[in-house]
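Asker: 3D, please:
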Amino acid sequence: MSPWWYRGRTLVFAAIYFAGFFLGGAISFATTGKYVALATGSFTLAAFAAACVALCLVLRVWGSSYLHAGIVWSADARSDEFFVAGPFRFVRNPLYLGTIFLAIGVGLMAPPVGCAFIIAANLVFIVMLARHEEAILSAAYGARFRDYAAQVPAFLPRLIPVAAQGDAHPSLVDGLLSEVFVAALLAGIVLAFIDRRHGEIGFFVLYAAGIIAQRLIARAQQPAT
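Answerer: Numbering: from 1, shown residues only. Okay, here's the model as predicted:
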C-alpha cells in the first residue's frame with residue numbers, strides 16, 4: 001500500500017494550490033488593497049498561462065491514453081504492466097511533466113508570492129510521487145525497468161525516442177476522460193482572460209467542478225477487484 005501522501009495526492013495538490021492562492025491573496029490585499037494575479041492585465045502572461053495548461057493537457061491526454069482514469073487516479077501506485085510507448089519513449093513521467101506546466105499556468109493566476117509557492121511546492125511533491133512510483137516499478141520489473149530508467153530521463157524529454165516495448169493500445173477516449181480536471185482548468189483560465197470582471201470567479205468554479213467530475217469518472221472506471 002502506498003503512503004498516505006500518495007493515496008491522498010489529489011488533496012495534497014489541492015492544499016498546495018489553496019495555500020498558494022490564500023497566501024498570495026492575503027499579501028496582495030495587504031499591500032495593494034485588492035487581489036492582483038501575475039497574469040492580471042497582461043496579455044502575454046495570460047496567453048503564456050493558457051499555453052502552459054494547454055501543453056499540460058496535451059501531454060497528460062497523450063500519456064493517459066495508454067492508461068485509463070482508474071489507473072491514473074488510483075489511490076495506490078500500480079505495477080499491473082510495464083510498457084514503453086507513446087510519450088513514455090521520450091520521458092519517464094510525461095503526466096508529471098504535464099503537471100509541472102499546469103503548476104506554472106495556474107500559478108500565474110495567483111499573486112507573485114502565491115505563484116512562487118505553487119510552482120516550488122508542486123515540483124517538490126511531483127518528485128516525491130515519481131520516486132515512489134518508480135520504486136514500485138523497479139521492485140516489480142527489476143533490471144528491465146532500471147535499464148529503461150537509465151536511457152530515458154525522468155522529466156527532461158530526450159530528443160530521440162527509445163524503442164517501444166510491450167503491447168500497448170492507446171485510447172483517446174480514456175485519455176480525455178482521465179484529464180477532465182485539466183480541461184476544466186484550461187477553460188477557467190480562458191474564461192478569466194475573456195471576462196475581466198467575473199472571470200476569476202469562473203476560474204475557481206471550474207476548478208472545483210473539475211475536481212468533482214474527475215473523481216466521479218475515476219471512481220466509475222476503477223478496475224473490478
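
Asker: and the host helix or strand of Ile212, how far out from the chain middle?
Answerer: Remark: Ile212 resides in helix 199-220, with elements defined by DSSP states H and E. The chain centre lies 14 Å from the centre of helix 199-220; the measure is C-alpha atoms, centre = their mean, to the nearest Å.

Asker: for the helix or strand encompassing Leu137, packing partners?
Answerer: Assessed by DSSP H and E, Leu137 sits inside helix 112-141. If contacts are counted by 3 or more C-beta pairs under 8 Å, 6 or more residues apart in numbering; DSSP states H and E, helix 112-141 sits against helix 4-7, helix 9-32, helix 94-107, helix 143-151. All C-beta atoms are positioned from the backbone trio N, CA, C, and that covers glycine.

Asker: for Ala192, grab the count of nearby residues.
Answerer: 24 (other C-beta atoms under 10 Å).

Asker: may I ask you to confirm that it is in contact with Phe203?
Answerer: Yes: counting by C-beta atoms under 8 Å, Ala192 touches Phe203, with 4.5 Å between them.

Asker: so what sits against both of the two?
Answerer: Met109 (C-beta atoms under 8 Å, 6 or more residues apart in numbering).

Asker: count the neighbours of Ala184 for me.
Answerer: 20.

Asker: who are the packing partners of the helix or strand harbouring it?
Answerer: Using DSSP H and E, Ala184 maps to helix 180-194. Secondary structure elements in contact with helix 180-194, counted by 3+ C-beta pairs under 8 Å, 6+ apart, are helix 43-64, helix 94-107, helix 199-220.

Asker: quick check: the residue of the chain most remote from its centre vs Gly25, distance?
Answerer: What lies farthest from the middle of the chain is Gly33; by C-alpha atoms, centre = their mean that is 31.9 Å. Gly33 is 12 Å from Gly25, where distance means C-beta to C-beta, to the nearest Å.

Asker: how near is the residue nearest the centre of the chain to Val106?
Answerer: Centroid check for the chain by C-alpha atoms, centre = their mean gives Thr99 as the closest residue, at 2.8 Å. Thr99 is 10 Å from Val106, where distance means C-beta to C-beta.

Asker: just Ile189 next, same as before
Answerer: 8 Å.

Asker: likewise Ile136?
Answerer: Applying C-beta to C-beta to Ile136 and Val106 gives a distance of 28 Å.

Asker: between these two, who's got more neighbours?
Answerer: Val106 (27 against 17).

Asker: so what's the residue count around the nearest residue to the more buried one once chain neighbours are set aside?
Answerer: In this structure, Val106 finds its nearest non-sequential neighbour in Leu185, 6.1 Å apart by C-beta to C-beta, 6 or more residues apart in numbering. The tally of other residues near Leu185 (other C-beta under 10 Å) stands at 25.
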